[in-house]
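Peer 1: Take this sequence and fold it.
(chains A and B)
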Amino acid sequence: MTGAATFRVEVPPPFDGSTRARVGRLELTHGVVETPQFMPVGTNATLKALTPDDLREVGASIILSNTYHLYLRPGHERIARLGGLHRFMAWDRPILTDSGGFQVVSLGDLRVVDEDGVTFRSHLDGSTHRFTPEIAISVQESLGSDVAVAFDQPVYPSSPRAVVADATDRTHRWAERSLKAHSRPDQALFGIVQGGLEPDLRADSTRYIASLPFDGICLGGLAGDETPEQRNAALDVAVPLLADDPRPRYLMGLGSPADLLDAVHRGVDLFDSVLPARVARNGQLWIPGGRLNLQNARHLDDPEPVQADCPCILCRSFSRAYLAHLFRAKELLAYRLATCHNLTFTLDFMHRIRTAIRSGTFPADLPNLALRAGRISGGEVAVQSA
RNA sequence: GGGUAGGUUGAGCAGGUGGUGAGCUCCGCUGGCUGUAGACCAGCCGCCUUCGGCUGUGGGGGUUCGAUUCCCUCCCUGCCCA
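Peer 2: Here you go, the predicted model:
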């Protein structure tokens, strides 16, 4: 443990086993994070289309940024010279940096994995770069994030068992090297569980990572191509093994409201995802019970706000018709307004979840929360059964 | 009125000098996006009963086995000159 993170469970799950949902308080160098919490993703030291003021207004208490992308551009050493990532991007609340492990899968053909690390070809200019656990930690220490994350090797959840096993074992070895390499006392370090959808591998990985002195436990290798049922099953394997563990549990990459609700119910404390911001830029606005596609012609004459009771900058002043116009004209304001709305919706949803847990009504409130979450996929609006 | 260049599927175009015009970009429609190579990607975008068929090159007529192409005529548009 680094001492740079203090996590306290304020409202533990009930003894009756009706849910593993809990409320916690994570204290980091740059501030406090109430859990369950969602972290918007600002890969390039910016949440696309938003200012830090926007981020504060939508209610973000912590954001995620990316080691690999900042290493490539503008360079972690430059950011360090300029006072660190917080000062560089003018965000004074907590930041968690992903280690670059995700780019092992997302960059596809542009990388080669070996036992010592990963060789990447830059997506920007084709130049060759090497990441090892030691380098990933060093870069994160240069950036100065509140929470660094061990360098891991995620694979698609649907990968063959042998592939999952190999990547999981390597992730364990890299976890130890990440711990050994980490030295910055004001920065927490989280370890990452792999194991894919294989129950025994997922369980072994959970036990192993939990046995190491990390400040938090990331559940990786999910939020990929698995079904919600498969993901829930993996959580039902992993989280109970952490029942007596005093550290926060962070499911990497999950972002739709219905998915978040499922995972909170199964005991997850932290989330991140590009989803709400990305789909917003692509014209999909989340509202209670479903979504709007602002690219559809039917919105062009609609004077109503996207969501009448939403306090965001979009809904306070503008109509669906206006936003639909902005999207058609590809006006830059569309992306800012839409992103603010979806993040407001998502973070408000997490706040509602915390409130329900605090008031002891969480399992009972699941149907209502699921109704609000809607089912954000397939163009359908349906209630996610609790 | 004279001259000239044109008229191709919502828009803008490509192509085609007697031998199968449904090709492109927009627009439009639908879907997708989950630790961001993503203000992006995919499919559709004349009609039908769609592994196919039909229609379609401004209108009409003619020549021809066959016409977007050649001929006649009419309509429309841009530009120039009166």
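
Peer 1: Contact partners for the residue nearest the centre of chain A?
Peer 2: By CA atoms, centre = their mean, the mean C-alpha position of chain A lies nearest to residue A:272, the distance being 1.0 Å. Neighbour list for residue A:272: A:38, A:39, A:40, A:41, A:64, A:96, A:98, A:250, A:252, A:253, A:254, A:255 [criterion: CB atoms under 8 Å, 6 or more residues apart in numbering]. From N, CA and C alone the C-beta is placed, and that goes for glycine too.

Peer 1: That one: helix or strand, and which one exactly?
Peer 2: Per DSSP states H and E, residue A:272 falls inside strand A:270-273.

Peer 1: Could you confirm whether that strand reaches RNA strand B?
Peer 2: Yes. Contact between strand A:270-273 and RNA strand B, assessed by CB under 7 Å from any atom of the strand, occurs at A:272, A:273.

Peer 1: Would you give the sheet partners of that strand, along with the direction of each?
Peer 2: Partner strands for strand A:270-273, per DSSP bridges, with pairing direction: strand A:37-40 (parallel), strand A:249-251 (parallel).

Peer 1: Give me the contacts around the helix or strand that comes right after the first one.
Peer 2: Of the helices and strands lying after strand A:37-40 in sequence (DSSP H and E), the nearest is helix A:52-58. Applying CB under 8 Å, 6+ apart, the set of residues contacting helix A:52-58 from outside is A:40, A:42, A:47, A:50, A:63, A:89-93, A:312-313, A:336, A:339-340, A:343-344, A:347.

Peer 1: What helix or strand is residue A:360 located in?
Peer 2: Per DSSP H and E, there is no helix or strand for residue A:360.

Peer 1: Just give me the longest helix of chain A.
Peer 2: Ranked by residue count under DSSP state H, the longest helix found in chain A is helix A:332-358.

Peer 1: That one close to RNA strand B?
Peer 2: Yes. Applying CB under 7 Å from any atom of the strand, one finds helix A:332-358 touching RNA strand B at A:332, A:335.

Peer 1: Next, report how far the helix or strand following that helix is displaced from the centre of its chain.
Peer 2: Using DSSP H and E, the helix or strand that follows helix A:332-358 in sequence is helix A:362-373. In this view, helix A:362-373 has its centroid 21 Å away from the chain centroid, taken as CA atoms, centre = their mean, to the nearest Å.

Peer 1: picking that back up, which of the strands paired with strand A:270-273 is buried the deepest?
Peer 2: By mean neighbour count, with neighbours taken as mean count of other CB atoms under 10 Å, strand A:249-251 ranks first of the strands paired with strand A:270-273 at a mean of 29.

Peer 1: Briefly note if it comes near RNA strand B.
Peer 2: No. Strand A:249-251 does not reach RNA strand B (CB under 7 Å from any atom of the strand); its nearest approach is 8.8 Å.

Peer 1: elements contacting the helix or strand harbouring residue A:229?
Peer 2: Using DSSP H and E, residue A:229 sits in helix A:228-238. On a contact count with 3 or more CB pairs under 8 Å, 6 or more residues apart in numbering; DSSP states H and E, helix A:228-238 meets helix A:199-210, strand A:216-219, helix A:257-265.

Peer 1: contacting residues around the second one?
Peer 2: Contacts to strand A:216-219, defined as CB under 8 Å, 6+ apart, come from residues A:5, A:7, A:26, A:147, A:149-150, A:188, A:190-193, A:206, A:209-210, A:234-235, A:238, A:242, A:245, A:247-252, A:268, A:270.

Peer 1: Just the buried residues of these.
Peer 2: A:5, A:7, A:26, A:147, A:149-150, A:188, A:190-193, A:206, A:209-210, A:234-235, A:238, A:242, A:247-252, A:268, A:270 (16 or more other CB atoms under 10 Å).

Peer 1: Residue A:24 looks like it's in a strand, true?
Peer 2: Yes. Per DSSP: H, G, I helix; E, B strand; the rest coil, residue A:24 lies within a strand segment.

Peer 1: Okay then, goodbye and thanks.
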